[in-house]
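Asks: fold the following.
(one chain, ligands or ions: 1)
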Amino acid sequence: MPWGSYLKPRSLGNLFECNNSASSNYTLSSANKPVSRKPDQSRHIEIHRLRLDVWGGCLNVRKMRGGTRNSMHSWGIALDYDPQNNQLKWGSDRATFAQPDYNKWWEFWEEEGWVSLGRTRNYDWMHVQAAKL
Ligand SMILES: [Zn+2]
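Replies: Just a heads-up that it's a prediction; the model follows:
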């Protein structure tokens, strides 16, 4: 997978396997852009400091937690990062991804059309998806 060339994930819970359908409006290349847009010289250090190399998962065929609908992870169009510090029910008062350090990171995702549940609904800050709510 493309991120491996400059990211050394600290945790690999799941195989990185995402939907890369040509018919999709969103592709893996759009998932790659937010990560790769940091300046070269400080990129590794910053990504590590911000724990953006802590992988939470992508493809995981399951129902939404507490629900009957399939999760966006079932379709391989959602990514989770650093779940330990951005737990499902945590709001912006606890989730590290709600801190100002991450604003640029989120803007990069949003420019590519991805949606953060944390920024739109203030829960599940670990989660970003390539589908509108
Ligand atoms: Zn998720």
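
Asks: contacting residues around whichever residue of the chain sits closest to the ion?
Replies: Closest approach of the chain to the ion (Cβ to the ion) occurs at residue 127, with a separation of 3.4 Å. Any C-beta I mention is one placed from the backbone N, CA and C, and that applies to glycine too. Residue 127 sits next to 72, 78-80, 116-118 when contact means Cβ atoms under 8 Å, 6 or more residues apart in numbering.

Asks: most neighbours of all those, which one?
Replies: When neighbours are counted by other Cβ atoms under 10 Å, residue 78 leads the contacts of residue 127 with 26 neighbours.

Asks: look up which residues are beta-bridged to that one.
Replies: residue 129 (DSSP bridges).

Asks: pull the contacting residues for it.
Replies: Taking Cβ under 8 Å, 6+ apart, we find residue 78 in contact with 58, 71-72, 127-131.

Asks: what about the helices in this structure?
Replies: Using DSSP state H, the helices of the chain run over 28-36, 40-49, 103-111, 117-121.

Asks: now list the buried members of the contacts of residue 78.
Replies: The neighbour count (16 or more other Cβ atoms under 10 Å) marks 58, 71-72, 127-130 as buried among those.

Asks: residue 123 contacts residue 89, doesn't it?
Replies: Yes: under the criterion of Cβ atoms under 8 Å, residue 123 makes contact with residue 89 at 6.0 Å.

Asks: next, count neighbours for residue 91.
Replies: By other Cβ under 10 Å, 12 other residues sit near residue 91.

Asks: just to revisit the earlier point, give me the more crowded residue out of residue 123 and residue 89.
Replies: Between residue 123 and residue 89, counting by other Cβ under 10 Å, residue 123 is the more crowded of the two (17 against 9).
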